[in-house]
Each structure stands twice: as C-alpha cells, then as structure tokens.
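S.K.: Could you look at this predicted model? Sequence included:
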Amino acid sequence: MSSVTGPETIINGFVDEIRPSFDYTLAGATCSGCLSTLLVVLLGFSTKESRRRVVFQLNVLAICIALTLGILTGLTSGKAVVDPYNQVSRSVYITSIVFTVYPPLLYDSILLTRLFALYPIASTPSVTLVKIFAFPFCVKCARVVALALFLNNYVKSGSTTQALVQSQEADWYRNPKLTAEWTMQMADNLYSVSFFLYNLHMRTSLIQSGELALLGGISERIRQIFYISVANFVFPLIFNIAQIILISTDRSPNTGGLLLLINNYVTVIGVLCATLWFSGSEWVRSRKESSAEDVFWLNPNLGGVNGVGRKRENEIVVIGKTPDAADFARRGSNEFQASCDTSERV
C-alpha cells in the first residue's frame with residue numbers, strides 16, 4: 001500500500017506545483033488566439049483613411065503588446081511546466097512581469113482619446129484642455145510611480161528566477177502599491193467614461209427629440225456609443241474589484257495573477273471591438289459609395305436626374321421657403337454627424 005501511495009503523492013504534488021503555470025499558459029494562448037483573429041478582422045475592415053488615424057495605430061500597438069505578453073507568458077509558464085527545474089532567465093521573467101502590469105496604462109489612454117472628439121486640440125482653448133486632462137494625467141503619473149516602486153521591491157527580492165517565484169506570496173499579499181494602482185485605475189476609467197458620456201448627453205440634448213429623428217439614425221448611433229463605452233468600463237472594473245478582494249484575502253498570488261493576465265486581454269478586446277464596430281460600418285459605407293459611383297458611370301442619366309433634383313431643392317429652400325425646424329435639423333446634422341463619427345473611432 002505504501003508503494004502505491006508514495007508515487008501518487010509525488011505525482012499529485014508535481015501536478016499541484018505546475019498547475020498555476022499551466023493555467024497561465026492556457027489563458028495566454030486562448031486570449032492571444034482571440035486577439036490574432038480580431039487583428040485580422042480589423043485589418044480586413046480597415047480603409048486607407050482609418051489606417052492613417054492615431055486611434056487605429058494605437059489599437060494595433062495595443063494588440064502587439066498583448067500578443068507579446070502572450071508569448072512571454074507562454075515562454076515563462078510553459079518552461080515551468082515542461083522543465084520546472086530549469087526555468088527561464090531572470091531578465092525574461094522580469095520582462096514578463098513588466099508586460100503584465102504596465103500595458104493597462106496604454107489601454108486606458110486609448111479610451112481617454114475619445115475626449116478629443118468633443119474637445120479638439122485645434123479649436124479648444126489651452127485652459128480648457130488643462131482643466132479636462134489635468135486629473136487623468138496626474139492619476140496616470142501616480143500609477144506609473146506605484147508600479148515602479150512595486151517592481152523595484154520585487155526585483156530586489158530575489159537574485160534568481162526561482163527566488164522571484166518563491167517570493168511572490170510575500171510580495172503579493174496586501175501589497176499597498178498594487179492595491180493603490182488598481183484603485184487609481186478604476187478612478188481613471190470612471191472619470192474618462194463619465195466625463196465623455198456626460199458631455200455627449202449634453203450635446204445631444206441641445207437637439208429636440210423630433211429634430212433628432214430627422215438626422216439619419218444618429219440617435220441609434222449615440223445609443224450604441226453609450227453601450228460600448230459602458231462595456232469598456234464595466235468589465236475591467238469587475239476584474240479590478242476581484243483583484244483587490246483577492247490581494248486582501250488570499251495569500252496565494254495564483255488566482256489574482258491569472259485575473260490580472262486576463263484583465264489585460266479583456267481591456268484590449270473591449271477597445272478593439274469598439275474600433276471594429278466603427279471600422280465595419282465605415283467599410284460598408286465606403287463600399288456603398290463606390291457602388292454608387294459605379295451606378296453613376298453606368299447610368300449617367302440617373303446621376304443627372306438626382307443632381308438636378310438636389311439643385312432645385314436647394315434653390316427652393318433658399319429662395320422660396322422659410323427654413324423650419326426640420327430644415328435646421330438637416331443642415332445642422334453634418335457637424336453633429338462628424339462628432340459622432342469621431343467618437344466611434346475609439
């Protein structure tokens with residue numbers, strides 16, 4: 001009986017030891033596969049105009065960072081599973097930690113760029129921009145300092161990779177720097193989302209509901225922007241709350257580290273889905289415009305009739321008709337439409 005129990009105990013102990021690394025490897029591989037598919041879809045739906053935008057480039061950068069995190073996670077955790085007594089070098093292990101804790105700063109900054117749709121840099125006074133972006137800038141600086149202090153203490157805790165792995169429990173449990181960083185992340189995202197949605201609501205309330213119905217479905221697009229913005233805030237918020245609860249109650253960093261890893265991918269996917277939604281609608285719109293141009297060239301009489309009709313309608317409005325609320329709504333829709341389109345780009 002003892003000869004059977006001995007090997008079982010050894011095997012069970014080995015499985016329990018490599019299980020956290022196996023979970024990290026599985027989560028990183030699964031989320032990286034989803035991001036790779038979304039990256040292909042994003043590039044497929046993109047146009048020349050959308051690829052020149054800063055938001056599109058930031059999304060591609062965020063995906064590349066998340067994929068790099070997946071590679072580093074697979075390298076460090078996979079090595080711990082396959083060869084637990086010969087792990088990766090200390091520098092590679094520290095790099096994987098850096099790519100785990102720092103990228104949310106970039107992802108949150110991408111969401112913050114939505115405010116530039118409502119307050120363009122070229123037309124907004126400098127004092128107004130300082131008032132708007134002073135709080136998130138200070139919060140992000142404080143987050144950088146908190147993470148730098150955490151990494152500095154963690155790196156000094158061990159001279160080898162095995163020593164760093166063993167010191168995780170001591171550095172994890174009730175760590176004030178990580179707790180402060182996640183709390184400030186929630187405050188940062190709450191400010192960005194609430195300020196954006198409040199200003200969007202105030203600008204849409206300037207147009208009466210009857211006039212808004214004439215703006216070609218802008219009310220529906222505003223509703224979609226609202227849902228996307230809320231989703232981009234709610235899911236990372238849930239993970240942040242779970243991480244704070246775990247770091248305060250659970251001495252083992254395994255579950256909290258897994259949530260921290262998944263939270264990176266959830267944030268990227270949330271921002272990417274918003275960009276994909278806009279890129280898809282823009283791709284369909286560009287295809288419709290190109291097909292309309294083809295119809296014009298194939299049937300010039302149709303284009304001539306439409307052109308004359310539009311010209312006569314404009315002449316009637318200017319000369320023989322007093323503009324009413326419907327005309328005012330139609331004329332003012334271009335500026336408001338541009339604001340919604342800029343908001344959708346994030």
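M.R.: Happy to help now that I have it.

S.K.: count of residues packed around Tyr173?
M.R.: Burial of Tyr173, expressed as a neighbour count using other C-beta atoms under 10 Å, amounts to 16. C-betas here are computed from N, CA, C, even on glycine.

S.K.: Once you drop chain neighbours, what's closest to Leu237?
M.R.: Of all residues not flanking Leu237 in the chain, Met186 sits nearest, at 5.9 Å (C-beta to C-beta, 6 or more residues apart in numbering).

S.K.: tell me which residues of the helix or strand where the one you found lies are tucked away?
M.R.: Per DSSP states H and E, Met186 falls inside helix 176-204. Across helix 176-204, burial judged by 16 or more other C-beta atoms under 10 Å covers 177-178, 180-182, 184-185, 188-189, 191-193, 195-197, 199-200, 204.

S.K.: Output the below-cut-off pLDDT ranges for the stretch 151-300 of the chain.
M.R.: For the stretch 151-300 of the chain, the stretches flagged by pLDDT under 70 are 203-225, 227, 274-300.

S.K.: Mind jotting down where the helices sit in it?
M.R.: 161-166, 168-172, 176-204, 209-212, 218-249, 254-298, 300-315 (DSSP state H, counting those that start in this stretch).

S.K.: orientation of the third one relative to helix 218-249 in degrees?
M.R.: Orientation check (axes from the mean of the first three to the mean of the last three C-alpha atoms, to 10 degrees): helix 176-204 against helix 218-249 gives 170 degrees.

S.K.: What helices and strands are in contact with helix 176-204?
M.R.: If you count contacts as 3 or more C-beta pairs under 8 Å, 6 or more residues apart in numbering; DSSP states H and E, helix 176-204 packs onto helix 103-112, helix 115-118, helix 126-156, helix 218-249, helix 325-344.

S.K.: The same query, at a cut-off of 6 Å, please.
M.R.: Applying 3 or more C-beta pairs under 6 Å, 6 or more residues apart in numbering; DSSP states H and E, we find helix 176-204 packed against helix 103-112, helix 126-156, helix 218-249.

S.K.: quick one on the thing from earlier: tell me the gap between the helix holding Met186 and the middle of its chain.
M.R.: Put simply, helix 176-204 sits 13 Å off its chain's centre (C-alpha atoms, centre = their mean, to the nearest Å).

S.K.: follow-up on the earlier one: the helices and strands packed on helix 176-204: which one's closest to Ala80?
M.R.: Taking C-beta to C-beta, helix 126-156 is the member of the helices and strands packed on helix 176-204 nearest to Ala80, at 17.6 Å.

S.K.: now that closest one and helix 176-204, what's the angle there?
M.R.: 160 degrees.

S.K.: Tell me where the stretch 1-150 of the chain has helices.
M.R.: Under DSSP H, counting those that start in this stretch, the stretch 1-150 of the chain gives helices at 2-45, 48-51, 54-82, 90-101, 103-112, 115-118, 126-156.

S.K.: Show me which residues of the last one are buried.
M.R.: If you call a residue buried by 16+ other C-beta under 10 Å, then helix 126-156 has these buried ones: 132, 136, 139-140, 143, 146-147, 150-151, 154.

S.K.: ditto for the fifth one
M.R.: Residues 103-104, 106-112 are the ones in helix 103-112 that count as buried (16+ other C-beta under 10 Å).

S.K.: Nearest to Ile228 among the residues you listed?
M.R.: Nearest to Ile228 among the buried residues of helix 103-112 is Leu111, at 10.3 Å by C-beta to C-beta.

S.K.: follow-up on the earlier one: surely the residue nearest to Leu237 meets Phe239?
M.R.: No - using C-beta atoms under 6 Å, Met186 makes no contact with Phe239, being 10.2 Å away.

S.K.: rewinding a little: give me the angle between the helix holding Met186 and helix 103-112.
M.R.: Angle, helix 176-204 to helix 103-112, by the same axes, to 10 degrees: 10 degrees.
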